[in-house]
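Peer 1: Below are the sequence and a predicted model for it; my questions follow.
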Amino acid sequence: MVQVEAASGSAVNISCSRDELAQRLGLVSRAVSTRTAVQILSGVLLRAESGRVTLAATDMEVSLRAQLEARAEGDGAVVVPGKLLVELTRLLPDDEVRIESGAEESVVRISCGSASYQLNSYNPEDFPRLPSVEGTQTFGVDGHALLETAARVGRAASRDESRPVLTGVLMRFEGDKLIMAATDSYRLSVQETVLGGSTPDLEAIVPARSLTELARIAQGADTVEIGIHENQVLFAANDIWLTTRRIDGQFPNYKQLLPETFEHELTLPRGELLEVVRRTAVLAQRNSPLRLRFAEGELTVSAQTHDVGEARESLPVSFTGEPLEIGFNAEFLRDGIESLDDDELRLRLISPLRPGLIQSAAGNFSYLIMPIRLAG
Amino acid sequence: MIIGHLDLDAFFAAVEELEQPELRGRPLVVGGDPHGRGVVATANYEARRYGIGSAMSCAEALRRCPRAVFVHPRKGLYSTYSDAVWAAVREVVPTVERTGLDEGYLDLGEVADDFARARELAEAIQAVVRGATRLSASVGVATCKVCAKVASDRRKPGGLTVVPPGREAAFLAPFDVRLLAGVGPRAEARLLAAGVRTMGALAGLSDAELRSIAPGKVGRLLRDRARGVDARPIELGGEPVSISQEETFERDVLDRSRLHAELTTMATRVAENLTLGGRTARTITTKLRYPDFSIRSRSQTLPVGIDDGARIGELACSLLDRALADRPGAVRLVGVGVSSLEPHRQLTLLEASTEA
């Protein structure tokens, strides 16, 4: 598929099953823009070319394209309001859906069984040009490894749009390794995954959100194709294409952020620690910190919310030396522990005002978390 | 009542000089970027010789002294020093009211029977602060807060000024009214316009004159203070739930960049208040009032509390833009507020890499 060419002036006449339309639309419509500033972005492009029908949507950050199993007469395109189309399709009877729009028309007619609709449509010429799929060189990556890596680091990305680089995930292919890193400046997660074979070297910062969408479309895929086209990264899996804008800027040097030495290193049962943290965090409301107090042989986790109450729980640990109390944001700490799936984790600490590090037993996943300076 | 007011000398700059001894003796400005829109938080005494002072734009400071060294504030560091200072002070005077990282009132009356003994205590406090932190402090001693505060500013740096009982009004008389607690820029402008330049002139106003210049309770309060009458006790605790600043314009303002500039300045002051109380805020609110007196406000709550003036300013401006997108037009007032205050501070990795 090349760019979406000017397609007005050509009529659209597509028919497919309701289920097929609903299923494909469900995948693609996630890229429909919910902000209405640019109207065309709230639409889904339906395009027929040489008997093949493609659905596409983009919010300028992420675009999604999928093939639709459909019969098409002639070549043409139409942009249908996305939200309306999704809602209609969901309610239509289980029957053949027909989508028609005449040349030069600014309406689209949809019919299914005895139901018929006429919707105002947008001009397909106004739809943004999406990067060419066929013109992009791609390489295949183990889909499970890619999605697992992305799932581990994604949560540490920032949601604060004022610092765009931090809303992204650094993705680096290096020899036979895939490295992903994300930080919202309060925590940093880095995962290094060894892939089955080597890939071309590639580095890009992609929006964390695009990887969440990728996880949906590439679910169960053994291979995900990846390529770069100008300032876009393209992923393809399960006959769906996702493109996303590369984020400009310098990703923080995460290696420099990881301290080289620590004062304390503990091995903790992950599941038990997670339970304790979850239970105690109930009383860490309104951003109150979770306090971790390490003393000879024991870790006490506590939380207190003013006017609500407090919680405290202990578990045995192999801690020696002067007691140490450190505060963490409960959600950040929980995220870190949840990102792992081993039975045990390593917790490494320096002092109450220096970062703590959670690592997998194998050491290929690191979650660095800055403490909260405790009051009083 | 015997009250002391302690004020650390050029605090942020003094801490930087202790941490980076190579800066000593050079004009030093702690504040924002001199090539951006930052403002001076603190200048050391060398820099003050060039006329550089707090709240001046850093660009102006750079113009006045091109060889000045500019450093970004390191609040975590200042608050560590501040804690050490107040811990040392409490060894001498147990009851203190911290009004900022670098200043606060001391209940000297609790431990001193007379002013001679209070002077000795004040000297002891200066010595323990220097001993514990190598920082220099100025202290004022008087029968009330307003006098003690003016007195601590009298002989900086490292000064000690004692205002004996009965001498309050005479002591205050020559000082500018703007140095009086409670006199803001607007009150000052009104007093100056009426020819009232000094505290002595304010103290001497008749009831009728006072009513025409500063009517109501506020006017009487200010005149009392100028006369050295101030019954405010040392306060302990009483946590604020929000901090805000607002500005009513002489004429309605439509110019977006002017509104942004106002919000940015107010955000800096709000952030200073936050830092002084050792707090962070998660909710930022921008308030505006239209010429028809209707009020609109827009808020945003962050996942983690902040105390950075520049960030608060950015958020406040974007909230203003959102409000004005809903209802465009001139406004007669804008304000910035922060709430969801937290006593703890989430540290950041990027800070750790520079502070460690």
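Peer 2: Right, received. Where do you want to start?
Peer 1: what pLDDT does the residue in the stretch 251-356 of chain B positioned nearest to chain A get?
Peer 2: Nearest residue of the stretch 251-356 of chain B to chain A: residue B:343, at 3.6 Å (C-beta to the nearest C-beta). Quick note: C-beta positions are derived from backbone N, CA and C, even for glycine. Residue B:343 carries a pLDDT value of 84.
Peer 1: Now do the same contact list for the residue nearest to it when sequence neighbours are not counted.
Peer 2: Nearest in space to residue B:343, with sequence neighbours left out and distances taken as C-beta to C-beta, 6 or more residues apart in numbering or on different chains, is residue A:375 at 3.6 Å. The contact partners of residue A:375, taken as C-beta atoms under 8 Å, 6 or more residues apart in numbering or on different chains, are B:278, B:343-344.
Peer 1: Let's see that with 10 Å instead.
Peer 2: Counting by C-beta atoms under 10 Å, 6 or more residues apart in numbering or on different chains, residue A:375 touches A:289, A:327, B:278-279, B:342-345.
Peer 1: Same list (the residues you listed) but as a markdown table, adding distance to residue B:313, neighbour count and secondary structure.
Peer 2: What follows is the contacts of residue A:375, written out as a markdown table (distance: C-beta to C-beta, whole Å; neighbours: other C-beta atoms under 10 Å in any protein chain shown; DSSP: H, G, I helix; E, B strand; the rest coil):
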| residue | distance to residue B:313 | neighbour count | secondary structure |
| --- | --- | --- | --- |
| A:289 | 27 | 25 | strand |
| A:327 | 28 | 26 | strand |
| B:278 | 21 | 20 | coil |
| B:279 | 17 | 20 | coil |
| B:342 | 20 | 21 | strand |
| B:343 | 23 | 17 | coil |
| B:344 | 23 | 20 | coil |
| B:345 | 19 | 25 | strand |
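Peer 1: For those, give me CSV that also has distance to residue A:142.
Peer 2: As requested, the contacts of residue A:375 are exported to CSV (distance: C-beta to C-beta, whole Å):
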residue, distance to residue A:142
A:289, 39
A:327, 39
B:278, 50
B:279, 48
B:342, 44
B:343, 48
B:344, 43
B:345, 42
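Peer 1: Show me which pair in the residues you listed is furthest apart.
Peer 2: The most widely separated members of those, counting by C-beta to C-beta, are A:327 and B:279 (15.3 Å).
Peer 1: For residue A:349, give its distance to residue A:369.
Peer 2: Computed as C-beta to C-beta, to the nearest Å, the residue A:349 to residue A:369 distance reads 10 Å.
Peer 1: so what's in contact with the two at the same time?
Peer 2: By C-beta under 10 Å, 6+ apart, the residues touching both residue A:349 and residue A:369 are A:326, A:355-357.
Peer 1: now, which of those lie close to chain B?
Peer 2: residue A:355 (C-beta under 10 Å from any C-beta of the partner chain).
Peer 1: For chain B, what lies in contact range of chain A?
Peer 2: For chain B, the residues in contact with chain A (C-beta under 10 Å from any C-beta) are B:76, B:79-80, B:83, B:239, B:278-280, B:282, B:302-305, B:311, B:314-315, B:318, B:340, B:342-353, B:355-356.
Peer 1: tell me what the helix or strand where residue B:311 lies is packed against?
Peer 2: Under the criterion of DSSP states H and E, residue B:311 resides in helix B:309-326. With contacts taken as 3 or more C-beta pairs under 10 Å, 6 or more residues apart in numbering or on different chains; DSSP states H and E, helix B:309-326 sits against helix B:256-276, strand B:280-289, strand B:295-306, strand B:331-342.
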